[in-house]
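**Q** any chance you can model this:
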Amino acid sequence: MEAVVGVIRDNFKKLWDRQSNLEDIVEKFLGEGTFGKVAKCREVATNQEVAIKILKSKYKDAGRDEIQALTEVSKIDADQYCLVKCIDWFRYKSHICIAFEILDKSLDDFMSDRDDRPLDLHEIRTIAWQLLIALQGLKNINLVHGDIKLDNIMLVNQVSEPFRVKLIDFGLAQKTSHIQTGSRMQNLLFRAPEVMLGLPLDERLDMWTVGYVLAMLYAGIYIHPQDSEYNIIRQGLFTHKFFTQTEENSKVVWKLDTPEQHSKKRGERVEEHLDYFSFDDLRDVYYDMTKRDEVEQFIDLLKRMLEVDPNKRISPSEAFEHPFFTMKSPNKTNGVLATETNQMVAAPTNATQKRIKC
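**A** Residues are numbered from 1 along each chain as shown. From the prediction side, this is the model:
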């Protein structure tokens, strides 16, 4: 990996020329993750800045999967649906490199820069609206992101367009019909219950993670809601890992293992006492007591996003009509939302479909 990074830094112009007949200059490296590094580059001819994702050679299969997912995304308008725009991709030896539009910073970095101080409700509303638009766009093309978290939500330009965001990183995205029951996906902290329990999976798992992201922006910390129900877990492939089947009043029921039972069953030490927030606890987190009605609406939206049963979980189209938005519609403000609701959530038409090299 270091070798290709050095080549791109010192001789990226030749590397890019062979693939796309473009001249680019590497300005700096923006970050590094499990799959590779991201470089900020500038095209000489147009002076356009791009972000080049350079995948490690051992993750070339993941690179191909991401390109396949981005090809699906190219069928809809990325700007309209708050998704990152892929510009091009190319190979260098065993490395896959993908060029994206340049963005500002992730919500994870943004929150760290403010010492994880919670956002105001109107800021959360603006972000929530856009994430729902992103989910609607993905649903329109039957794509599941599978890795929504603060790191993968980018501010576009916080100075000129406050809290305009885009969803990035489609390395784990899959077509809904291709997801196998029992697939392990999503970051552990954002993992939906149906993933943990080995239940059938679809795009509704992304709604869970969006809800969890919004709860984090509201509370400033990770939260684990205590509200749950057990009746959906009986057919899960991994139910036995967390629950024990017993009989009560001549009926077979599943009961959540105690920490002691789980430790014995799995050989893992489990903490007896956990710090978590219930939805009732979250009501008292917000500092502005004059916003109690908005807080109640937001908590209700969270409840419906973080519904344990995916069959009861709110959909993007239903969420657009939720009172958290309708009580004070987040219409065009500071350039963040430039289109009316019915236009933003419309299904893609032939006019908006386009092919790109990704």
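**Q** what separation do you get for F110 and L119?
**A** With distances taken as CB to CB, to the nearest Å, F110 is found 9 Å from L119. (C-beta placed from N, C-alpha, C; glycine too.)
**Q** buried set for stretch 103-123?
**A** Within stretch 103-123, the residues scored as buried using 16 or more other CB atoms under 10 Å are L103, D104, K105, S106, L107, D108, F110, M111, P118, L119, L121, E123.
**Q** greatest separation within these: which pair is it?
**A** Greatest spatial distance in the buried residues of stretch 103-123: L103 and L121, 24.5 Å, computed using CB to CB.
**Q** could the buried residues of stretch 103-123 be laid out in TSV, adding distance to S94?
**A** Converted to TSV, these look like this (distance: CB to CB, whole Å):
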residue	distance to S94
L103	27
D104	31
K105	30
S106	28
L107	32
D108	30
F110	34
M111	36
P118	44
L119	42
L121	48
E123	43
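**Q** which among those residues gets closest to L155?
**A** Using CB to CB, D104 comes nearest to L155 of these, at 4.3 Å.
**Q** so for the closest one, what's the pLDDT?
**A** At D104, the pLDDT value in this model is 95.
**Q** so what's it up against?
**A** Applying CB atoms under 8 Å, 6 or more residues apart in numbering, we find D104 in contact with M154, L155, V156, N157, Q158.
**Q** same check, this time on Q68
**A** Residues near Q68 by CB under 8 Å, 6+ apart: none.
**Q** that one: which element?
**A** Using DSSP states H and E, Q68 sits within helix 60-73.
**Q** what about I299, how many neighbours?
**A** By other CB atoms under 10 Å, the residues close to I299 number 20.
**Q** buried residues, the strand or helix carrying K264. List them.
**A** Assigned by DSSP H and E, K264 belongs to helix 259-266. Neighbour counts using 16+ other CB under 10 Å place H262 of helix 259-266 among the buried residues.
**Q** any low-confidence regions in the protein?
**A** 1-26, 224-241, 254, 270-277, 279, 287, 328-358 (pLDDT under 70).
**Q** the domain parsing of it - what is it?
**A** 2-101, 107-226+276-344 (automatic domain parsing).
**Q** how far off centre is the first one?
**A** It stands for domain 2-101. Between the centre of domain 2-101 and the centre of its chain there are 20 Å (CA atoms, centre = their mean, to the nearest Å).
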